[in-house]
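In: what follows is a protein structure lacking sequence information:
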């Protein structure tokens, strides 16, 4: 879309959440349907950012909860206490998505 409102869809933050990727496929098909009046209105009013697989390296390796570095991406969105997150070394996926947000 081209609208001012930014809407993010992020799925499969944990690699084992395979069904979430199928949900994203359906969301994207609907949003891209040129014949769907609702989808056209949504695209007019908002810009969508879709990340169907937030943790592709963990998915490829068969991990259930972590990326290739062993990071649980749910814990990488903000620093807590002495734990600094995200970092390029431990959670580049989150680092780059947050930079775009």
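Out: The structure has been received and is ready for your questions. Source: prediction; values computed, not measured.
In: setting the sequence-adjacent residues aside, check what's closest to residue 52.
Out: Nearest residue to residue 52, sequence neighbours excluded (CB to CB, 6 or more residues apart in numbering): residue 24, at 3.9 Å. Heads up, the C-betas are built off the backbone N, CA and C, glycines and all.
In: who touches residue 68 in this structure?
Out: Residue 68 is in contact with 57, 58, 61, counting by CB atoms under 8 Å, 6 or more residues apart in numbering.
In: how about the last one: what's its closest non-neighbour residue?
Out: By that I understand residue 61. Distances taken as CB to CB, 6+ apart put residue 68 closest to residue 61, at 6.0 Å, once the chain neighbours are dropped.
In: if we can go back for a sec, quick one, which of the contacts of residue 68 are buried?
Out: Buried members of these, scored by 16 or more other CB atoms under 10 Å, are residue 58.
In: closest one of the contacts of residue 68 to residue 78?
Out: Nearest to residue 78, judged by CB to CB, of these is residue 58 at 20.0 Å.
In: quick one: contacts for the nearest residue to that closest one once chain neighbours are set aside?
Out: Leaving aside its sequence neighbours, residue 58 sits nearest to residue 15 (CB to CB, 6+ apart; 3.7 Å). By CB under 8 Å, 6+ apart, the contact set of residue 15 is 55, 58, 59, 61, 62, 63, 64, 65, 66, 67.
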